[in-house]
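**Q** The following comprises the amino acid sequence and a computationally predicted model.
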Amino acid sequence: MKIPVLSYHSISDVNSPISLNVNFFENQLKYLKKRGFKSINFNEIDKKENKTIIITFDDGYKDIIYNALPILKQYNFKATCFLVTNFIGDFNIWDKKKINYKKKELMNETDINEWISNGMSIGSHSHYHSDLTNISENHLINELDFSKKILEDKFNNKSNIFCYPYGKVNEKVYSYVKKFYDRALTTNRSRYNTYIHDVHLIPRIDMGKNFSNLKMFLKLSTFYEDIKYKKNEL
């Protein structure tokens with residue numbers, strides 16, 4: 001069974017390398033609806049179901065509350081947002097050193113509760129959004145453990161899903177993530193093949209651009225993305 005796991009960041013008309021225009025996002029959801037796709041959460045995977053997708057957002061930008069959420073609800077889709085727990089209600093501080101940095105507001109606790117109350121899910125994107133492959137063992141454990149506990153304590157989160165910051169993962173990171181989380185997502189490209197892909201190295205499809213309907217058909221319904229899969233070197 002191959003499930004397209006769609007990856008987004010910000011949904012906004014503000015010019016930013018991580019933002020997808022609101023109209024482009026709606027056009028993508030229109031396409032998904034027209035093609036008969038049904039959105040599910042990771043704990044709802046049924047290998048007998050066809051045409052299922054999983055929609056994900058990284059970082060927890062505030063604009064997904066007022067731009068993405070109404071459109072998701074309009075087309076009856078659900079999604080999971082991966083939060084950086086130390087910066088809830090703050091800004092994307094981890095991007096500051098980038099040349100094309102755009103300061104973007106992150107969801108606060110009220111926003112996150114609104115997201116959840118509207119049928120959406122949350123997961124961990126670590127505590128500080130560090131490159132987990134380049135920190136000490138103690139720091140790594142804190143990144144994983146603090147984030148998980150905060151989501152459990154503040155939002156009663158039980159989804160237990162992790163998303164690797166920057167898509168960075170090595171053998172040490174992988175082994176610790178397995179201890180704390182049931183599933184983990186990468187930036188590796190492919191539809192998620194439930195028969196062959198490791199549940200702690202789930203690949204995704206980047207949807208953060210304005211794709212034609214033909215391109216979306218190729219990405220979601222053919223081997224177009226699958227052949228670009230590169231196994232994570234652990």
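**A** Perfect, thanks for sending it. Residues are numbered from 1 along each chain as shown.

**Q** residues in contact with the residue nearest to Lys47 when sequence neighbours are not counted?
**A** Distance criterion C-beta to C-beta, 6 or more residues apart in numbering; nearest residue to Lys47, sequence neighbours excluded, is Met1 at 4.7 Å. C-beta here means a position set from N, CA and C on the backbone, and glycine is covered the same way. Taking C-beta atoms under 8 Å, 6 or more residues apart in numbering as the definition of contact, the neighbours of Met1 are 45, 47, 49, 193-195.

**Q** Which of the residues you listed has the largest number of neighbours?
**A** Ranked by the number of neighbours (other C-beta atoms under 10 Å), the contacts of Met1 place Ile45 first, at 16 neighbours.

**Q** ok, Ser126 - contacts?
**A** Ser126 sits next to 84-85, 132, 143-144, 147, 162, 165 when contact means C-beta under 8 Å, 6+ apart.

**Q** make it 10 Å
**A** Under the criterion of C-beta atoms under 10 Å, 6 or more residues apart in numbering, the contact list for Ser126 reads 82-86, 94, 132, 140, 142-144, 146-148, 162-166, 177.

**Q** Just the buried residues of those.
**A** Buried members of the contacts of Ser126, scored by 16 or more other C-beta atoms under 10 Å, are 82-86, 94, 132, 140, 142-144, 146-148, 162-165, 177.

**Q** Mind giving me the packing neighbours of the longest helix belonging to the chain?
**A** The longest helix of the chain (DSSP state H) is helix 137-155. Applying 3 or more C-beta pairs under 10 Å, 6 or more residues apart in numbering; DSSP states H and E, we find helix 137-155 packed against strand 79-83, helix 109-117, strand 121-124, strand 161-163, helix 171-180.

**Q** Thr80: what's its closest spatial neighbour, skipping adjacent residues?
**A** Leaving out its chain neighbours, Thr80 is closest to Ser121 (C-beta to C-beta, 6+ apart), at 4.2 Å.

**Q** Check Lys104 too.
**A** Counting by C-beta to C-beta, 6+ apart, Asn92 is the residue found nearest to Lys104 once chain neighbours are left out, at 5.0 Å.

**Q** Enumerate every residue touching that neighbour.
**A** In this structure, Asn92 makes contact with 9-10, 16, 18, 59-61, 84, 98, 101-106, 129, judged by C-beta under 10 Å, 6+ apart.

**Q** how close does it get to Pro203?
**A** When distance is defined by C-beta to C-beta, to the nearest Å, Asn92 is 24 Å away from Pro203.

**Q** Ok, Phe146 next?
**A** Counting by C-beta to C-beta, the gap between Phe146 and Pro203 amounts to 27 Å.

**Q** got it, and Lys154?
**A** As defined by C-beta to C-beta, Lys154 lies at a distance of 30 Å from Pro203.
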